Every structure is written in C-alpha cells, then in structure tokens.
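Chemist: Let's see this in three dimensions:
(4 chains)
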Amino acid sequence: MRKFLALVLIAALGAVLIAAVVNLPEPGTTDSPVHTHVSAGYIKGGHEAGGADNLVTAVLLNYRAIDTFGEVTVIFTALIAVLAATSLAGPTERSGTQNIDLKTTRVPVSPVVSFVVRLMAPFIATFALFVMLKGHELPGGGFQGGVVLGAMLILLALFSGRTDKTDDEELPPGLRNWIRAAGPLVFGALGLTGLVFSGWLFSLPDHPFWREMVMIGLELGIGIGGAAVLVGLFRALREG
Amino acid sequence: MTLTSLLPLIALALPIIGGLAALGAGRRNRRLGIAVVAGTAVTTFLITALLALAAKDGLLREMTLVQIAPPVWIVFRIDPLGTLFAATVSGLFLLALIYAFGYLPDDRRQWRFHAFAMACQGCMIGVAFAGNLVTLLVFYELFSLLSYPLITHDRTRVAVAAGLKYLVYIITGGAFVWAGIILVFHLGGEIRFLPGGLADINGSPGLVLATFACLVTGFGVKAALMPLHGWVPDAHPAAPAPFSAVLSGVMVATGVFGILRVMFEIFGVSRLIEMGVLPWLGGIAGASVLLAAARAVGEDDLKRRLAWSTISQMAYVLMAVSTIGGQAVTGAFVHITHHAFLKGGLFFCAGLVATVTGATRISQLRGLAQRMPVTSLALTVLALGLVGIPPLSGFISKWLLGLGLADAGAMVRLGVMLAGALLAAVYLWPIIYRIWLPTDDPRFAHSHSREASGWMLGILIATGMLAVILGTAATLPGFPLDLAKNAAQWLVEPPP
Amino acid sequence: MSVSDLFDLLILALLITCVLGIARVRDLATAVTLFAIYSFVLCLLWAHRGAPDVAMTEAAVGAGITAVLFFTAIAKIGRREK
Amino acid sequence: MSAAAHGLALVVLVPIVGGALIPALFRRFPTAAWGFALASSALTLAISISLIRRLLAEGPFSYAAGGWPPPYGVALHFDRFGAAIAVFSMITLLVLIFSRRYIPAVVPIARIPLYYALVMINLGGMNGFLVTGDLFNLFVFMEVFSVSAYALVAMARGPQAGLAAIKYLLLGAVSSLLVLFAIGLIFAQTGTLNMADAAGRLDAAASIVPTALALGALTIGFMVKAALFPLHVWLPDAHASAPAPVSALLSAVVVKAGVIGIIRTLQTFSDHGSLQLMPLQSLLIWLGAIAVLWGAVAALVQSDLKRLLAYSTVTNIGYIFIGLGIGSATAASGAAVHIINHAVIKAALFLAAGALIHQSGLRHIDDLRGLGERMPLSALALGVALLAVAGVPPTAGFVGKWQIGLGALETGRPLLMGVVIVGGLLVLTYGVRIINTLFFRPPLHVRVVTSREAPPSMLAAILLLAASSFLLGLAGKPMLDFVAPAILPLTDTG
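Modeler: Here you go, the predicted model:
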C-alpha cells in the first residue's frame, strides 16, 4: 500500500515537472528570456567589467560574490555540523556486525595501487592548483580545484598505508581550523578590500593587476579551504 | 498631568506596589509589613473616596493610556458609577486586609496572601475605572486569575478543586465576553462606554441579541446569575474567610457592574427596550432570587449558606436593574454597597467562629453567645441587617429596591423580592436563634474557647457599627445613597 | 536527429537506468557505486552541453568526494539496508 | 561612506565571518568563545539598529553588493519586514547570554566553540535571508541558516536529538530542493534572479504553467521551513530535543524565515495579473486554522514541557498563516506583528523552560510541581510568557491575534474568528495548567526541593524577554503602524 502511494506520488510529481519543463521557453534559442535579459548583459560587459575571461568565474566572484560567500559558508558549516554531531554519538553507540574500524584495520591494498596513488599525487596536486589559479581564464576555479585537491588528500590518506594515524600529523592543529575557515574568511577580507579600493563591499579593485591578485587570492582561499573541509569531513566520519 | 488624572492611576497601582512591598517587608519584619499593608489600604480607600465625591456630578475625565491594537486602547474614565464601585471595593478590602492579620497564621505564606489580595484590589479598581470594554475585561480577567491563588490558599484538596472549578467558569465566561466584545466592535464600530449607549449597532436583530447574550452570559458567570453560579458555593467555603468576604462582597458584584456597563453604556436604554431582553433578564434574575434563597435554607454549612445568599442578593440587584427605572437602579447601587459590607462582615464572623471554636456548621453554633458575646452580637446585627430590619443598612437598600420596583410598576418582581426577603429571614433567623440559645452540651459549655481579640474582633465591631451607621445616616450627603442617586441618574438619563 | 542529440538521449537513458538501479538495490555499497557512475555520466552531459565548469565540479564532487564520504559512512553503519 | 551605508552587507558579513573565526580562535580556550560571539552579535545588533534608523529617515533602500547595479549584481534590500533582523539579532544576543552557563553543561567542552560558531552563522544566514532582494541569494542564505540549524539540533545529548536532526534535515532538504527548483523555473521564465525584476517580468512569460508551479513549489518549500500543518511533523521532535537555547532560536527565529519566505513569494507573484492568488490564500487560511486547533490540542496532551512549547509554535504559525491568507490590511499587519511578538514570547518560553529544566533536571510537567517556590523569577517569567502566548490582553500575543481575528470578521469569516478564540482558549488552558503546577501544587519530586534559582546570566536573558513579551503588547499600535506600509503589497492581492 505504501509502495503504491509512493509510486502515485512520484508519478504525479513527475507529471508536474514534465508539464513545467515542456511549457518553459525553448532552451538554447536566442530569444528565450534566459539569454536575452541578464545573461546578455553579462556576456556584453563580463570581460571588461567582470575582469575574468571565464564568464562563470566573473559571475561567481564578481557579480554574485555574495552568493559565493554564502556557498563557502554552507560548506564550512557542513564541516562544523559533522564535527558537532559525530563527536557526540561516540564510538560506543555503533551497531551492526559488519563494522570496520578504519582506525585500526589496515585496508589490504595492492602495492600497485598504493604506488600509483603516491606517484600520481604530486601531479593531481599540481593540476588542482592550476585549476584554482587559472580559474579566471579557463574553465575551473576555486571550487573545482579545491575538490580535486581534497580528493587527492583523501586518496593519500586511504592508500598511503598510514590509516592508523590520527589527523594531527599533516597540519598543526592550531593552523587547521584557520585553513578550514579559509573560504568565509577570504570573503570577509574581500569585503574589507572592496571597501578600501572601490567603496563597495564584495567588489573587486578596478586596477587590473590588483583585480587579478584578489581573484587569485579568492580562488586559493575557496580551493584550499574547500579541500581542508573535505578532508575534515572525511576524518570526522572516519573517526567519529 | 493634573491631580485628577493622576489619582486614578495611583489608586490602581498603589495596592499592587504596596502588596509587593509588604511581601518583601513582611517576611523580615512583621510590624513593618502590617504598617505597609494598612497604610496602603487606608490611602487607597481615601483616594477612591475622594474620587467618588469629586465625580459625583458626572464624568470627571477620560484618558487613553496605551494603544494596543485598534480599537483596543486602555482607557480610564472617572464617572459616578465607577468611582462609587471603586470606593466600595477599597473599603471592603481595607477591612479584609486588616482582618487577615488575625485570621491567617503568622508565617511566610500570610504575606503571599496579602500580596495577591492587594494585586487583586488594584485590578478591581481598574475594572471600576475602565473606560471601554477591553480595559474592563483585561482587569476583570487579571483579578480573576489573581484570585485563584487566594481561593486555593489553604492548599487542601477541596480548596484546589474549588479553585479549578472557579478557573474553568471564569475562563469560559471571559471567552464569552471576548466574543461579545468582538461582536460589539463588529456591529457598532466602537467599544467605548458612552452615555446612552453606542450611536448605532447595525446588524440583524438575532446577531444583536446574540451579542447581548454573550456579554451577559460572560459577566453573568461572575455575577453568579443562575444557572452560571456553579463556582460560588464551592469557592466561598474553600477560600480563607477574609477572601470569602471579598468574593461575596465585591467580586460577585463586579459581574453585575459589568452587566450594568453593557446595558446602559453599550446598548443603551432605548435599544434594550426595543430588543425586548429586559423581561427575560428580570425573569432569570427573579428565578435566581427564589432558587438560591431556597437552596440557602437547606444548607447547613455556614459559609455555604452565606454564599447561596449572595447569589440571591445579587439577583435582586439585576432584577431591579431590569426595570431601568431611575429609582430601582439607585436602589440597586445602594444595595451593592450595603450588601458588600454586610456580607463581608458575616464572612468575617464565620471565619472568626471557625478559627476559635472550629465550628463551620450552623448546627454547631448553639450556645455561641455564652462564650463569644461580642462576636455573637456583631453576627446578629449583620444578619438582621441582611434580612432588612430597620434601621440597619440592609433595610435602606431593600426599601429603595422595593420602592423602585413599585415605581416601575413591576409588581411581579416586587412580589419576588418580598418573597426573597422573607426567605432571607428564614435562612438567617436560625443562625441568630441558635447562637443565643443556651446550651447544656458539655462539649460547648466547658469549652476553653473564649472571645477572640485583636484584629479580627476589631474589624467585626467596625462592620457591625458600619451596618448601623450606613442604615441610620444613609441620607447624609457623601454617603452611598447620595452617590448612587447621581450614578443612577447619570446612567438612566445621561446628560446630552 | 543529429549525432549530438543521440548522444544526449543515450546519456539520459543511462542516467535513468542508474537511478532506477539505485532505487532497487538493497546493498548500499552497490548503490553508492551506481551513484558515482550517475555523477560521472552527468558530468559527460554537462561537458557536452558546453558547461565545463559544472562538469568539472560534478566529476570531482559527485563521482569523487561524495562517493568516498558515502563509503566511509557505510563502513560505520554496515552495507545492508534494513 | 559611513558604516550605515554598508550596513546591509555588514549584517550578513559580520556574524558569518565572526562565526567562521570562532573555531580557529578559541581552540585552546573554548569557554572564551562566548565573549567573542556575544561581541559580534552585539555589533550585528548595532548595525541593524542603524539600518532601522536609516529606514525611518528615508524609507526602504537597497544596497548593490559589489557595486553592481541590479539585476546584474545581487541587490540587498531593506524594508520594514527586514527590520525584523533587529529583533532576531536581539534574540540571538540574549540566547547567547543564556548559553554561557547552559551550554557547558550539555556540550563537551572542546565542542563549545562549534556551538557558538553555528549560532553566529545561523544569525548571518537569517539576516541574509531577510535582507536579500535576489532569489538565488535567498536560497543560499536559506541553506546557511538551515544547515546550521540542523547541526544545532544534533548538538544535544542522546539518540533522540540525532534522530530529530535527521528528520529535520531530510524534510529541510526536500524543501530546499523545491525552492531551488522553483527559482530555476522563474529564472527560465524571466532570465533574472532579482525579485523585483522577476516580479515585473513574470507577467510577460509565455506560459503560466511553470509560473504556477514555481509558486506552488515555493509555497510548499517554505511551508516546511515554517512548519505549517501538515508539514510540521519535524518540528515537535527537533524543538523538543534540541538544547534549550537552540530550541529558543529555532522556534523564535528560524521558523519565521519560512513565513517571511512565503510573504516574499506572495509579494513577488502578486503583480502577476493572470495568476490568481486567492485559492492559494484560502488554502493557507484553512491549513492555518487546522494548525491552530491541532497544535493546541496536541500541546494540551503533552507531558513534556519542551514538547508542549514546540506544539505551541505549530499553533502560532497557524495564526500567522490565517492572517496572511486573509490578506486584508488588518489581518496581514496582525500577522506581521505576530511574527515579531511570537519570536520574543517563544524565546522567553523556551529559555525559561530551559532554566527550569536545567536547574531541576526534570522535564515532565507533573514533576515540576512546586518549582515556582524555589525558582520564583524563572517560573514567573514562564508564567508571563505563557499568558502572552495565549494572547491575554494586553500582552504581546494579543495584538496579532486580535488583528487577525478582526480581519476574519471584516472579510466575513466569523468561523475563523471562532477558531482564533478557541485556539487562544486552549492555549490559555494549558498555560494555566502549567502555572498552576509550578506555583500552586506541593512539590512531588525531591529534586524540586533542592533546586535553586538560575544563575544571573540565564535570568537576565529570561527576564528581559519576559518583560518584552508583556511590554510589546502595550506598544501594539506603533508596531502595527510600523509594519503597515510593508504589508501593503500583499494586501493589494486580496
């Protein structure tokens, strides 16, 4: 009965969604409102005013910087949330029989995989940094680079054979919380620099050089902060 | 702000602040606490009496204090009706608060009683000074809630049950009043009390009737109009005697006061006649007079019998008001005041007797006069006063009521009133008779209980004398009769 | 219908297959794997529709990090759905 | 430019950056995080007050973040609804003061900075949600305060809190998804995310179906956040099991975001000539009416004090939606005022209840008998707030209910007036029951006898809120006058 109800509900929802999408203005055509109104303005002025060849980055860091600020805050908050919640459940409340204690169990890893991971790590890290730093010119940016960097760090942690260590080793604990908060903090700094340089909060400086520097700083903050958050999430889940 | 605008606020706030001060002071130093309570009560009484004299000739002033949400303003008005009631309230409270020093055991909880009672007094004065329906209801509900801890002061199972019953009745009544207020505003666009009633109340006759019914039902709960009287016989015996006195003397009258405001200053005389509700109101009140008196006759518990008597006596007032004759309304106001002191005094007696001898039933009172002659004398005077024996105060008010009913040509109601007075004699006489009857019962004869002294006896003597003074000197200017005449005239034939 | 459209249709079919699979399987580890595949296929669609930024994010987050985090959680709670 | 000019962005920036700094700054001295959080929330409050002063001087104003003119950049907009951020910042400040002694008792010491960080981020998200004039920005800040709210619920001890947080998270995620979907539809229809711009362009959209769907999705999404019946199922669990200051924050502030979301939605769509809002509004009325009665009856049968208060939130949200649904000037301004007043009252209720529960260690109402003798001030505050929540005049709870009831009568819905009265009576019934239990019944539990009055930091917050929940009632007229211009766009639809 419940299954049937669920099916009906999903079917109805699907029908509604399809109805909406069918009635939307045709995507991809040049006269749909999506392309004629605000986006057109971005395309026309984005390169000059936005200060980035990559329009996506221009929108993210410039036109809608406050959105991006909110997004990095969400990511940071997610980590805080997991840290706050996992520590309280405690290791004794686990249930089930198939649990693997990742702290003490050594994952049987093929030496080949382990070797390849360690071999690839510097290249992945370089790529991640590249994506972050060139985000304003090429596809990519802080978010993408940060996730790649985070994935690399997690891979290392998984396959380096050092799974029994706690997370105090890579970074000094005093620094760790600063790096995790890097995303929101660079935007806080942007708020101030914007005020100093151009008189508006969340605005980039007008001078091209400084604008590029600030953008790179933002991308690095988003990226490294994001990577730190992801690693933190992984560790919190593994240990909590 | 002039003095006349400040005085009502002082009268309202003084008891509340004084009560809190007494709570703080009394727990440390009993004498200081007594001084605070007595000082506050006397000052409040003097202020209200002064206002009553000042507002004798008509509306003194009206003031809007706080604007909550249109049209819910907190409005005070100083008019003859309100000031008379306020003076009565603070007079009875003055007696009850001082009496309570002797009645209640000397401990921490005594000051709790005084704090709540004085807060209650402040709110009742607020009711008296209320200038619109909402203000009236706010203070009305406040003192209703504040009187709950007073009724349950003894913390016995019976007291808590009676208190809960009281709360349920009062909250339900409050809801009816609320509904009525909303309907009044909806139909008339105004909730202020206006001389002669609101200018226009537009709505189908049924709706207007429903509005009136809501308001009368809501206030009728407090006024113990049958069949809404359920809480009265339970709450009175449960409460400590000083508060029973207040309950019977002025709290029930507050309901009547509310009905008066609604009748004369919301609906207005001509609309009431047009609606045809007056015979119904008179009929219900008349039935209340007789039924409650009949119940009182069969009741052995002294405080309970007095409670039934209150229901009956307050119904007199409503019955008289339902004629809307100026004479009858005057009688009604005088009766409210005189009855307050008489009934309050009787409860003071009942409490004193119960404290000293432990007797709460009328059948146990035999031979009381042998041991407590002064108390017995006061009890006799007050009971005779309530029956309406001249020259005591009860006679004056009943005489005026009777005259008013005759004047309005309501002969059936006059008959009911006389029957009620007769029944009052029937249920009060056995008390008088029994206490003066000598007894040979060894339990009583050799009892150690003697005449009480101190606060309680002093207050008893004062109320007894008050019954005589209010009766013999009733026509002096500045006395209740004088004030009531003006108030009645102001209500029934409002100045243009 | 051009080749490009056919490619889109193929990807959409794959996506639906993956989602149905996720809904059906009782084994959480399989579900997570399917979910990673879903993300990867979606990443192709983004790339094909000309949104390289979104495609990169989808690949790294959807197919990479999320799967790892899910697996970590599964290691704690057991892989069978109750 | 002065700080007031940038205040709109600062009320978002200051608390969030402050919150992000807390875990880093106070790793070694967790308990000192309190002072920092307090300072940054006080700063936020000061900024929001300066915003209100500017609002009173020059009327509603906007701030273009980054200097980009709308619709290209994100416009922040401050109107008389946005003024609620001052109240919400004030409540957060008081909740923080209360937390000083409360939180170390329920949260392990190393995690205390996380708590304060979450509270501050929650405040920043709420402020952003309230002042933004951009649809996507609305969604982002909704996520900011939602995610922090889920986490705050999970901070309480015990397995129920975890389960409640998961329940809250799941429903919240669904609602966020609906909102996001609706925003996508609106963007596809209009090509803009700016609310005012989108409102103007929706009418020109080719088809009405996606617009109607977006309206529906936004309404349902915000209904979940606002916990309007029948989507309130997460609320009693979450608000009952969270730590007391968190319950206060959630019930007083976070739930209101959903309500304000609906108001913004109705305002955005009210310009749309071909789309009738009346059916939606009557739906809101009836759901609100059911919520009032259902919440009151459910609260009546609760034995757990905090759960009872949680159901009272369901009731009051119902009242607000009745007012919004009626939409007449009287009722809608009543609803708007009730948003503020209920926030204050509910914060007072939860904090006072939290103090009683914290000091006695008991949370069943029957166990709390006689606690009023031991903790007179906290119990008195709870009593005052209970009367206020019942809408006893002249307390703060009265103003909104009166206006809503009056609006119902004016628009010819006497039955709704009855619902308002009956709901108030039911609330009064359990309010009186609790007051009776606390003050007028002899103690039953040995812990009651040994309980002592709450510490000054808790008392300060409780007493201030309880006093406000009385005094705001006396200021009813000015508050109604204040919100009236803001509510007008909504009333035009009715």
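
Chemist: Can you list the low-confidence ranges for the stretch 301-450 of chain B?
Modeler: B:440-450 (pLDDT under 70).

Chemist: in it, which spans are helices?
Modeler: When secondary structure is read from DSSP state H, counting those that start in this stretch, the stretch 301-450 of chain B shows helices at B:302-321, B:326-357, B:368-371, B:373-387, B:393-407, B:411-436, B:442-445.

Chemist: Any chance of the ones you listed in JSON lines with mean neighbour count as columns?
Modeler: Every residue, glycine included, has its C-beta placed from N, CA and C. Output for these, formatted as JSON lines (neighbours: other C-beta atoms under 10 Å in any protein chain shown):
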{"stretch": "helix B:302-321", "mean neighbour count": "27"}
{"stretch": "helix B:326-357", "mean neighbour count": "27"}
{"stretch": "helix B:368-371", "mean neighbour count": "20"}
{"stretch": "helix B:373-387", "mean neighbour count": "23"}
{"stretch": "helix B:393-407", "mean neighbour count": "24"}
{"stretch": "helix B:411-436", "mean neighbour count": "19"}
{"stretch": "helix B:442-445", "mean neighbour count": "12"}
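
Chemist: Take those and lay them out in TSV including distance to chain A.
Modeler: Below are the helices of the stretch 301-450 of chain B laid out as TSV (distance: least, C-beta to the nearest C-beta, whole Å):
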stretch	distance to chain A
helix B:302-321	59
helix B:326-357	59
helix B:368-371	72
helix B:373-387	70
helix B:393-407	72
helix B:411-436	68
helix B:442-445	71
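
Chemist: measure B:Gly283 to chain D for me?
Modeler: Using C-beta to the nearest C-beta, to the nearest Å, we find B:Gly283 at a distance of 29 Å from chain D.

Chemist: Now name the helix or strand holding that residue.
Modeler: Assessed by DSSP states H and E, B:Gly283 sits inside helix B:278-297.

Chemist: what comes up buried for that helix?
Modeler: Buried residues in helix B:278-297, defined by neighbour count with 16 or more other C-beta atoms under 10 Å in any protein chain shown: B:278, B:281-282, B:284-296.

Chemist: which one is D:Ile357 nearest to, not counting chain neighbours?
Modeler: D:Arg363 (4.8 Å; C-beta to C-beta, 6 or more residues apart in numbering or on different chains).

Chemist: same deal with A:Leu204?
Modeler: A:Arg211 (4.8 Å).

Chemist: A:Ser198 is in contact with the one you found, correct?
Modeler: No: using C-beta atoms under 8 Å, A:Arg211 is not in contact with A:Ser198; the gap is 9.9 Å.

Chemist: Let me see the contact set for the spatially most central residue of chain D.
Modeler: Centroid check for chain D by C-alpha atoms, centre = their mean gives D:Val253 as the closest residue, at 2.6 Å. Going by C-beta atoms under 8 Å, 6 or more residues apart in numbering or on different chains, D:Val253 touches D:88, D:91-92, D:122, D:126, D:343, D:347.

Chemist: between those residues, which is closest to B:Leu365?
Modeler: For the contacts of D:Val253, the closest approach to B:Leu365 (C-beta to C-beta) belongs to D:Ala347, at 57.0 Å.

Chemist: In three-state terms, label the residue nearest to the centre of chain D for me.
Modeler: helix (DSSP: H, G, I helix; E, B strand; the rest coil).

Chemist: B:Met226 contacts B:Val289, doesn't it?
Modeler: No: using C-beta under 8 Å, B:Met226 makes no contact with B:Val289, being 9.1 Å away.

Chemist: joint contacts of these two?
Modeler: Contacts common to B:Met226 and B:Val289, judged by C-beta under 8 Å, 6+ apart, are B:Ala315.
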